[in-house]
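# below are the sequence and a predicted model; questions follow.
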Amino acid sequence: MSKKIKKGDLVQVLAGKDKGRTGKVLRMVDAGKKVLVEQINIHRLHRKARNSNEQGGIISKEAPLDTSNVALVSPSTGKPVRVGFKSVTDSKGVERKVRVVHKTDEVLDPVS
């Protein structure tokens, strides 16, 4: 199954406490249903020291967001866009499925 959002994409948050902020996707969680976005949806965890040489304290880390709450940011316009798919023939004559911006038909994935 093709994904509209992939690791390394720049996304904007559409809903929640970080609405309007943008960040890079660090990884996909739950088979692509959720995403971990860099410096977005930060949760603070209270950790107890397990060893005598380990220090406990409060740790801040990203929590997953649902993919429906983020939108891909277009590289050309810098605005959130909807993503579709299109078949494109590459230089070797092989047909490949690529992601495109709905409004402008701009290809998001590089085709070799």
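Arrived safely, thanks for sending. Numbers count the residues shown, from 1 in each chain.

# now do Pro75 against Leu10, distance only.
Distance, Pro75 to Leu10, using CB to CB, to the nearest Å: 8 Å. In this view, the C-beta of every residue, glycine as well, is placed from N, C-alpha and C.

# same check, this time on Val98
The value you get for Val98 to Leu10, if CB to CB is used, is 17 Å.

# which residues of the protein fall in strands?
Counting by DSSP state E, one finds strands in the chain at the ranges 10-13, 22-29, 34-37, 42-47, 57-62, 65-66, 70-73, 80-81, 83-89, 95-101.

# give the other helices and strands that the last one contacts.
Judged by 3 or more CB pairs under 8 Å, 6 or more residues apart in numbering; DSSP states H and E, the packing partners of strand 95-101 are strand 83-89.

# the strand it packs on pairs with which strands?
strand 95-101 (antiparallel) (DSSP bridges).

# returning to that earlier point: in a markdown table, list the strands of the chain along with mean neighbour count.
Output for the strands of the chain, formatted as a markdown table (neighbours: other CB atoms under 10 Å):
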| stretch | mean neighbour count |
| --- | --- |
| strand 10-13 | 20 |
| strand 22-29 | 17 |
| strand 34-37 | 22 |
| strand 42-47 | 10 |
| strand 57-62 | 10 |
| strand 65-66 | 18 |
| strand 70-73 | 20 |
| strand 80-81 | 19 |
| strand 83-89 | 12 |
| strand 95-101 | 15 |
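
# mean pLDDT and distance to Pro110 for the ones you listed - can I get that in JSON lines?
Formatted as JSON lines, those follow (pLDDT from 0 to 100; distance: least, CB to CB, whole Å):
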{"stretch": "strand 10-13", "mean pLDDT": "97", "distance to Pro110": "15"}
{"stretch": "strand 22-29", "mean pLDDT": "96", "distance to Pro110": "17"}
{"stretch": "strand 34-37", "mean pLDDT": "96", "distance to Pro110": "21"}
{"stretch": "strand 42-47", "mean pLDDT": "96", "distance to Pro110": "32"}
{"stretch": "strand 57-62", "mean pLDDT": "95", "distance to Pro110": "27"}
{"stretch": "strand 65-66", "mean pLDDT": "96", "distance to Pro110": "26"}
{"stretch": "strand 70-73", "mean pLDDT": "96", "distance to Pro110": "15"}
{"stretch": "strand 80-81", "mean pLDDT": "96", "distance to Pro110": "17"}
{"stretch": "strand 83-89", "mean pLDDT": "93", "distance to Pro110": "11"}
{"stretch": "strand 95-101", "mean pLDDT": "93", "distance to Pro110": "9"}
